[in-house]
Structures are given as structure tokens and as C-alpha cells.
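Participant: Output the structure for:
(3 chains)
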Amino acid sequence: MTKPKLLLLDGNSLAYRAFFALPLLTNSQGVHTNAAYGFTMMLQNILEEHHPEQILVAWDKGKVTFRHETFKEYKGGRQKTPNELREQFPIIRDILTAHGIAQYELEAYEADDIIGTLANLYNDSHDVIIISGDKDLTQLVTDKTTVFITRKGITDMEKYTPEHVMEKYGITPPQIIDMKGLMGDSSDNIPGVPGVGEKTALKLLKQYETVEGVYEHLDDITAKKLNENLTTYRDQAFMSKQLATIEVNAPIDVPADMMNYAGPDLEKLREQYEMLESKRLLDQLKGDAPSEMQVEISYVTFDREEGIVWPEKASLHIELDGDNYLTDPVLVMTMAMAGKEGSEGVYTFDERQIAEYESLKVWLEDETIIKYASDTKAIQSVLHRYGIALRGVQYDLLLASYIADASNAQKEIAQLAEELTLPYEVRRDEDVYGKGAKRQVPEFDVYTYHAATKAKAVWDSVPIVEEQLKESEQYELFHDLELPLASILSEMETEGIAVDETVLQTLGKDLSERLAMLESDIYTLAGETFNINSPKQLGVILFEKIGLTPIKKTKTGYSTAADVLEKLEHEHEIIALILLYRQLGKLNSTYVEGLQKEIHTDGKIHTRFQQALTTTGRLSSINPNLQNIPIRLEEGRKIREAFVPSHEGWKLFAADYSQIELRVLAHISEDEKLIDAFQRGADIHTETAMNVFHVSREEVDSNMRRAAKAVNFGIIYGISDYGLSQNLNISRPEAKKFIDTYLHTFEGVKRYMDKSIEIARKRGYAETLMNRRRYLPDLNSSSFNVRSFAERTAMNTPIQGSAADIIKRAMIDMNARLKEEGLQAKMLLQVHDELIFEAPAEEIAILEKIVPEVMEQTIQLRVPLKVDSASGASWYEV
DNA sequence: GTGGGACTCT
DNA sequence: CATGAGAGTCCCACT
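Facilitator: The predicted structure is shown next:
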């Protein structure tokens, strides 16, 4: 006979978990819904997993509990429940009611005690299962009571049986209480014994079993400090144990049949889910009816090359073990194609087949065979490993969905497939492989099926997404700009840039010595040693021990940001040392040590450019980031000496757009003065200074030019008078005057700023020269901050985004031109407004002519584009 | 493992 | 009322 299952849920704790596990969602009424949604998802999982006969959700009741009589600081110092969560408790209760689930609370008791008491009562007659986010509950574990504690997210739970507790801690469940008594619990403000942490507590308990046992054998404990602490805090230890003990005999009155679980009232549940505006939950409700047809994808594998019928068109996917397509191993390649005689469904090939099947290579390299994929850059890069040159790609789901809406950045095929409501499930990688340390590759059939669904989803998405792009007039941007760029980026990443490791090693030695000296000087000035890299510890030293005036605060304490410290620089000599220490520390850890770790066996660094990530259309660079190699300060700039040509007799060559964003601003704002200045080839910052300060060219000094430069940057980013005043260290009225004068002078810019916001609000998105869009729903936000941010975005995105469009097109033109000219020169890197090449020395003269020419002529604006270039033996010299 | 704060770039 | 756009990586502190 199996006993009935009784499920006891810790309502408060699970609601907290749900709240913090999910982003702050709201429905259209502005009501927060994340905790309610998360709680519901948890509940569904739990019900599905356990199928209980009886269930009850326990809630905390009352700010003050009986524990406060013992210790009035119990749970003191705890963060107040956020209002965004508090307002969701009634919703959660309504959802539980709709589910037909009993709830219980008791004045002056916590949910723990209700659960403990019920578990105690029903332990013999039922299989009791307790679910909470609070590990304290594990003290209730017995042979007949199992406790599940949430881990990360909302569905991952850890199961505690007596065996698991023993395995994990080496103690029995009741000893959990003793452990808390000794080590305390900072989240409940239970003090415990100072100096005793988990390790010490467990060691003591393994030997003496209980807190009482420990004190009976106090004399046997020889560790002096420990013995002292135990002696001094004896009362506190016993009190802590008492506080940590869950009450199992609370005066509760729950008739057994009240907890019977009969199942939900679907109509009420639908009302609740509608309020949450969760399509997923509503679909699930409907899903109870057989309306949702889930299709199973079938695939074929081959055991010989002969006889394979190659399609004229197919989608292509390569499943990797990891996310770095330049280095991680291949699991399987899949191809989905039209159903037609002799070739249909999904083909799969394992790694050996990719490497060996000549007909596959021919098919992949055939330009006339149309391929569709998601992240073709990755696929092209992987195939390159096998000496295969992928051709004929006409579609890329990752890029297409990013172009359609940049907030789709980095979405998995799983999510895109779900949004396209394809009639089969594409699982998320995390669900298939697990996450972090628990990640592992499942069986062949599992990942192959997974890869098959991806190829199928890509195939099925083509007509839908292409239509969508044509509708929004973005097909050209997608097909003629991003798609060819993907291929070029793949070549750049695969090529890599050579690095002279000895340069880094020499720099590293020098830096380490200087850091050591700085460190000891800082300790001397501070009068003690501490971790300079810890803003928290540094704040204490500067603002409490030394007594400097805190200028700004962060969420977590004093701000020690560079701009804050710079204001304090004249007050104490330690400041300058700290600033220098942090700069050099960054150089050493990120650039000297970090870059060395990224050097492959070919002596090169192969960054990856993320093409479907930024909201403005820029690229980004990872593993490592080669778009933020130091240049501003000489010490950092030396890092660039390590980047060298890959062949003897070659040189590096760099070409960068001068003031591309201001030129784009001149073009789209049609501001006469700005256009005129660029057409005359004037120095734009000097020109701005002349206008803002009403002086002649000769009267512009370096300070005025510097201020004008800051104003120009500020204009592009939508700065406030406050921001400019901070930046230039001037008064706010002065800053306001600068901005006003600027906008009065450059009327067209003023008009642009107003108009760009208005247009974006009307259309719902900001747009670049090449029809890239960024949706800005926040322009209608009721929050000033959120709205202001969106307004600045509406002004900045067309500028930054158009500049990104331009250099992308230049890269495509440049690639074609290098081929045309039959040069060996290779494009290696892009840094937003700059292209880095390497070439034989004798080609440099040609590059000096054609690179600026191509970059300047790639688009015709109302102002000329200007490109500067340089060459040298390392990146430092260009 | 995650978030904050620091530094780096255009 | 908070306060300049877009990024990535490292370290610390906390879960």
C-alpha cells in the first residue's frame, strides 16, 4: 500500500525565490507579475512532479513572532519586502485558490512552524514532501518526510533525504539545528558563536553531536580562540539553537480534509492568467484540450556516402559542444530540406562524415546551391576547419531576427521558434545540456534530435522572416549588408592577429614590480594592509580611517570611482597611488595576463565579433575583446606593441574615419553650419569653440577646444547640463550656457534633436541611414528617467547606428577591392570607426591609396567622409 | 554562479 | 527626479 502524498509549500520563501529569479515583469496595467508568474510555474512543475493527494501552502503571519520574545533582533537588519513583490502576494493567493489549494497562516508563527507541525502530525500516515527556498527546513527531513529546496531559477530543486543530508554535511537532519546554533544565520540575524563558520560547526558536531555535547566537552577543545569564543558566547549559542528550531507543535487547526487536492477551477484560473497576460500559461490551459499538435521531427543518418540525394536548397546547422565555434568540438551537422521524392526531412552527419564525405564538401562549396542557416558566421568558421569553403548562403535566422528587432539579440533558435509558433518544440540548449558545472553532452540521439529540430526551425522560418523583412524594408540591409559581412567577419576571425608574447611578458614583469611598490606605499600611507581592489575595503580606509569626504555613494557603499577620487586627489597623496594602482592592475590582469591566455597555438589571437548583439548595429568583440586595447595612456598603449604582422616583411596598416559620428549628424540634421564646417575641412572642435565662445579662430585656446570637444560629444549622446558640468568640472549654469549657445548656433542640430524624438515616438522606433531599427517603447514611459533615457537613445541611435552601417558597408567594399586588386593584404580587425590590416611591405603604398578611397566613397553624404591611415611594425605604430 | 564596481575602448 | 551613447573583462563579495 502506498501512502497518500501530502505536499507542504513555504509560500513566502517560494514567492521570494520566484521574484528574484525573474526580471521585473509588469502587465499592461502596470501591475508587477514576475513573482506570481514564477510561483505559478513552480507550482505547475511541483504538481506535475509529485501528483499529491493533499496539499497546503503555509504563509508567515505577523511581523513579530514568538521568536522575538527570545531575541528581539530576530530577522533584524533584513531588507524590507520590496513593494513590487508585496503587491503580488494577493495575486498568488488568488491563483492558489483558483488551483483549489488550501492555504494557512497563524498569528505570530512563521510558515516554517506550520509546515513543521503538519509534517510532524502526518509523518506516519502520509508521504510528506516539503518545498521551500529556505535550507532551514532540512531539519525536518526524516525517512518519511522529504524536503526539496529550490536551487537557481524556478524549476531546479535539490532533494534532501536523511542520506543526502548526511552525504552533504556529514550530520543528521536534527543536527542542522545545532549547526545553526553554532554558526548562526546572517539572513535571519541569528548570531551563533563568533568565529564559528560552517566548517568548524560541522567538525564540532561530528565529534560531540549537539550544542549541549559541545559544551559538556568544552575542556577537550584545545584550539584557544575557539574555546574562548565558545565560553564567552555560551548563552548566545543556546539561544541561537532555540531560534533555529522549527516549532513542530504549533497550535494549529487544520482539518485533514481541508488539504485535499481536487484540482483547479479552470475558469477562475483562466481569469488569473489573463490578468498576468501570460501567453504561455494561457496556452497551457488550452493545451489541456487536444488543440495543440506537437509534431515529432524525423531525421536520417547515413552509413555511406554513395546514394545520398543532395537537395538544391537546404537549411544547415552545426551543433557544437560549447559556444566558441572557433575552438569547440563538433557534435553533429544537420540539414533540413523540402519534402520531395528521394530527398526529404532532415539529414544528419557526424564529425567524421563532415571531414570525409567528398560529395558533402562539393555540395557545401557549390555557390548555386542555396543554404539557409542561423549564425552562418559560426558555420562557415567551423567548416573552414575541415578545409570546406561554405558558399551559397542566402539566409541567416540569427541575423534576420536581429535586424527585424535588435532586442532579439543573441536569442537561441529555441526562443525564435517559439515566437514563430512552429508546430514542434525546439529545446533550449540549457535544457539539453545543463548549465555551468553541471553541463554535459547527452546521448547521441538526444543531441542529434535537438540539432535536427534546429535545422528544421531554420528551414521553416525562412518564408516568414523574409516576408517580415521585406515588409519593413529591411531585406536589403539583411541580405546585402549583414549577410556578406558575416562571411567577411568569419575570415577575419579565422585569420586572427599575430601576437609577440615576449612583449607581453616584458610588460608583465615591469608592471608586477611597479604594482608591488605601489602596494606597499599605499599600505604605508593607509597604516594597514587591505585589498586595494575591493571598493568596499578601500572605501573604509579612505572615508572612515583617513577621513576624506565621500562625494558620491553607490548602492553598496561609498563610491571610489575614478572621477570621485580625482576630486580628492589634492587632499591626500594616497589617492594618486590608488588611481595608478588600479590602472596598472587592469593592464596587468586584463591585457598582459588575459591576452596571453588567449594566444592560440598558431601564435595568434582569434577574437570573435558578435554581429547580432548591440542595439545600435555596432559589432562587439569577445574572447578576447580586441576593441578596447589601451591607447589613451602611454603605459597602456605599449600593449599595442605586442600586436604584430604574421609574416616577416609584412606591416600592419590602420585606417580610421575622422569624426564619423559628427559627420553623420551633419548629414542627417542638415545643419548648415556643421555641413559648411566639414565641407571646408575645418577642425570641428575649434570651429565649435569659435561659435560657443564667440571668439576668432586665433583666440581659441586649448581649454576652449577641449570644452568644445566635450560639448560635441555631449550633443551626440544627448547630455544634460549636469553631465557636461561634471565632465568639464565647471558649474552647472556655465554648462547650460555652453549647450544653449551651441544649440542656438547649430539650429539644424537643435531641430534634429527634437524631430528625432518625435519621429521615434510616432513610429515606435529610431532608424539609421540603412534602415536599421531600434524599437523604443520607453518613449511613452511614465517614469521620467526611463523616458529620458529613451529620448537620448532616439537621438543617438541614428547617429551611432548610421556610422556602424557605413563602416560595415566599407568592409564589404574593401573586401571586394582587395580581391579585385589581387592583393595579399588581409583585413584583421574592426574597431567601430577603424579597420586594421596586415600586408606585405610593398603593398602598403597601394593600401594607403585604396583603403581611404574605398572607405570615403562607400556612401555619399552631404559632407565628405575623411579617413586617416598609418602603417608600422606593430599596432603601437599605426 | 551572479551582480556590482572598477577599468578599458570608440 | 537623476543626470552622456554603445560595448567586455576582471576582481570582489555574496548566494
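
Participant: Count the residues that sit near A:Ala111.
Facilitator: Look at A:Ala111: counted by other CB atoms under 10 Å, it has 26 neighbours. To be clear about C-beta, it is placed using only N, CA and C from the backbone, and glycine gets the same treatment.

Participant: isn't it right up against A:Leu14?
Facilitator: No: A:Ala111 is beyond contact range of A:Leu14, at 9.5 Å (criterion: CB atoms under 8 Å).

Participant: pLDDT-wise, which helix or strand of chain A ranks last?
Facilitator: helix A:279-287 (a mean of 73; mean pLDDT, DSSP states H and E).

Participant: Can you point out the buried residues in the very next helix or strand once past it?
Facilitator: Next helix or strand after helix A:279-287 toward the C-terminus (DSSP states H and E): strand A:299-301. Buried residues in strand A:299-301, counted by 16 or more other CB atoms under 10 Å: A:Tyr299.

Participant: tell me the average confidence for strand A:299-301?
Facilitator: Across strand A:299-301, pLDDT averages out at 93.

Participant: after it, next one along is what?
Facilitator: strand A:313-320.

Participant: which parts of the helix or strand that that following strand is followed by are buried?
Facilitator: Downstream of strand A:313-320, the next assigned helix or strand under DSSP H and E is strand A:330-340. Neighbour counts over strand A:330-340 (16+ other CB under 10 Å) mark A:Val330, A:Leu331, A:Val332, A:Met333, A:Thr334, A:Met335, A:Ala336, A:Met337 as buried.

Participant: List the contacts of the fifth one.
Facilitator: Which is A:Thr334. By CB atoms under 8 Å, 6 or more residues apart in numbering, A:Thr334 lies in contact with A:299, A:316-319, A:346-349, A:448, A:451-452, A:454-455.

Participant: Would you pull up the residue in the stretch 651-800 of chain A closest to DNA strand C?
Facilitator: A:Gly723 (2.2 Å; CB to the nearest atom of the strand).

Participant: Tell me where the longest helix sits in chain A.
Facilitator: Counting by DSSP state H, the longest helix found in chain A is helix A:784-820.

Participant: what about it, near DNA strand B?
Facilitator: No: interface with DNA strand B: helix A:784-820 contributes nothing (CB under 7 Å from any atom of the strand), its closest point being 7.7 Å away.

Participant: got a pLDDT number for the residue nearest the centre of chain A?
Facilitator: Residue closest to the average C-alpha location in chain A (CA atoms, centre = their mean): A:Gln410, at 9.8 Å. A:Gln410 carries a pLDDT score of 81 in this model.

Participant: Need the three-state assignment for the residue lying closest to it once chain neighbours are set aside.
Facilitator: Ranked by CB to CB, 6 or more residues apart in numbering and with sequence neighbours excluded, the top spatial neighbour of A:Gln410 is A:Leu613, at 5.9 Å. Here A:Leu613 is coil, with the state taken from DSSP: H, G, I helix; E, B strand; the rest coil.

Participant: hang on, isn't A:Leu613 packed against A:Lys411?
Facilitator: No: taking contacts as CB under 8 Å, A:Leu613 lies outside contact range of A:Lys411: 10.7 Å.

Participant: Quick one: residues contacting the residue of chain A most remote from its centre.
Facilitator: Computed with CA atoms, centre = their mean, the residue of chain A farthest from its C-alpha average is A:Asp219, at 52.9 Å. Under the criterion of CB under 8 Å, 6+ apart, A:Asp219 has no contact partners.

Participant: which phi and psi does it have?
Facilitator: Backbone geometry at A:Asp219, expressed as degrees, to the nearest 10, gives phi -70, psi -20.

Participant: Please identify which of A:Leu613 and A:Lys411 sits among more neighbours.
Facilitator: A:Lys411 (19 against 15).

Participant: In three-state terms, label the residue nearest to the more buried one when sequence neighbours are not counted for me.
Facilitator: Nearest residue to A:Lys411, sequence neighbours excluded (CB to CB, 6+ apart): A:Ser401, at 6.5 Å. The assignment at A:Ser401 comes out as helix when based on three-state DSSP.

Participant: Please apply the same query to A:Trp459.
Facilitator: helix.

Participant: before we move on, what about A:Glu838?
Facilitator: Relying on three-state DSSP, one would call A:Glu838 strand.

Participant: Can you name the residues bridging to it?
Facilitator: A:Leu652, A:Lys826 (DSSP bridges).

Participant: Identify the residues contacting it.
Facilitator: A:Ile497, A:Ala498, A:Pro645, A:Ser646, A:His647, A:Trp650, A:Lys651, A:Leu652, A:Phe653, A:Ala825, A:Lys826, A:Leu828.

Participant: ok, the residue in the stretch 301-450 of chain A that DNA strand C sits nearest to - contacts?
Facilitator: As assessed by CB to the nearest atom of the strand, DNA strand C sits closest to A:Ala409 within the stretch 301-450 of chain A, at 7.0 Å. Listed by CB under 8 Å, 6+ apart, the contact set of A:Ala409 reads A:Tyr402, A:Ala612, A:Leu613, A:Thr614, A:Thr615.
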